[in-house]
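Peer 1: I'll drop the sequence and a predicted model, then ask my questions.
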Amino acid sequence: MPDLYHALTLFLLLNLGAGLWRVVRGPTAADRMLAAQLFGTTAVAILLVLAQAGGVAALRDVALVFALLAAVAAVAFVRRAWPQPEDDHDRP
């Protein structure tokens, strides 16, 4: 069974390589944002697989932190890349 976990981890690392190609290649900011989300999701998956394979419960906690950071990073990117138009009704 540990060989299956290691093969799955290798597959996920190759998936990260494909995402890195998309970050470098582009062509739009949305593509880059989705690739960054892929990095976060894949990092969480790798940590969960390694936690199961090695029996290290602390890796599950690290995976949870990475999941939260990936969500915050996506929101920050969207807020920065696509600013909301100013609305006169929001001003006091």
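Peer 2: In hand now; what should we look at? Keep in mind that what you see is a predicted model, and the values were worked out from it rather than measured. Residues are numbered from 1 along each chain as shown.

Peer 1: give me the buried positions along stretch 76-83.
Peer 2: Within stretch 76-83, the residues that count as buried by 16 or more other CB atoms under 10 Å are residue 77. C-beta here means a position set from N, CA and C on the backbone, and glycine is covered the same way.

Peer 1: neighbouring contacts of it?
Peer 2: Outside of stretch 76-83, the residues within contact range by CB atoms under 8 Å, 6 or more residues apart in numbering are 29, 33, 36.

Peer 1: same question, stretch 11-31
Peer 2: Among residues not part of stretch 11-31, those counted as contacts by CB under 8 Å, 6+ apart are 32, 34, 35, 36, 38, 39, 42, 45, 46, 49, 81.

Peer 1: please identify which helix or strand holds the fourth one.
Peer 2: Here residue 36 sits within helix 29-54, counting by DSSP states H and E.

Peer 1: angle of the helix or strand following that helix against helix 29-54?
Peer 2: As assigned by DSSP H and E, the chain's next helix or strand after helix 29-54 is helix 58-81. Helix 58-81 and helix 29-54 are oriented at 170 degrees to each other (axes from the mean of the first three to the mean of the last three CA atoms, to 10 degrees).
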